[in-house]
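Trainee: Okay, sequence plus prediction incoming.
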Amino acid sequence: MGSPNAREAKISSKGWVVIPAALRRRYGLTPGTTVRFDEVDGKLVISKPELSFREARGMLPAEPSLTEELLAERAKDREREEAKMRAG
């Protein structure tokens, strides 16, 4: 006997299963999302794996760019050193 939240879907001849829209929305399953299939206590469990580095990339705000700040600071340091060398 299934849970009251159980949903059913048919497997196509190609082995495809459509995840019901309500579940896709609830779990953030959008096109291109990777899912994982595990067998747990004789049951098939579908889950979203932990974010990989590639998936997590770009999730944080791009501003401020620490690399750009560092390069600008190094350029100022270089200008100061060159000005000291010309003056001295």
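Mentor: Right, received. Where do you want to start?
Trainee: what about the helices in the protein?
Mentor: 21-27, 53-56, 66-87 (DSSP state H).
Trainee: now those as a markdown table including mean pLDDT, distance to Asp41 and mean neighbour count?
Mentor: Just so you know, the C-beta spots here come from the backbone N, C-alpha and C atoms, and that holds for glycine as well. Shown next, in a markdown table, are those (pLDDT from 0 to 100; distance: least, CB to CB, whole Å; neighbours: other CB atoms under 10 Å):
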| stretch | mean pLDDT | distance to Asp41 | mean neighbour count |
| --- | --- | --- | --- |
| helix 21-27 | 91 | 21 | 12 |
| helix 53-56 | 65 | 28 | 9 |
| helix 66-87 | 90 | 47 | 9 |
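Trainee: Redo those helices as JSON lines? Include distance to Lys14.
Mentor: Supplementary listing: the helices of the chain in JSON lines, determined by distance: least, CB to CB, whole Å:
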{"stretch": "helix 21-27", "distance to Lys14": "19"}
{"stretch": "helix 53-56", "distance to Lys14": "26"}
{"stretch": "helix 66-87", "distance to Lys14": "46"}
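Trainee: Indicate which one of those is closest to Ile46.
Mentor: Closest approach to Ile46 among those (CB to CB): helix 21-27, 9.2 Å.
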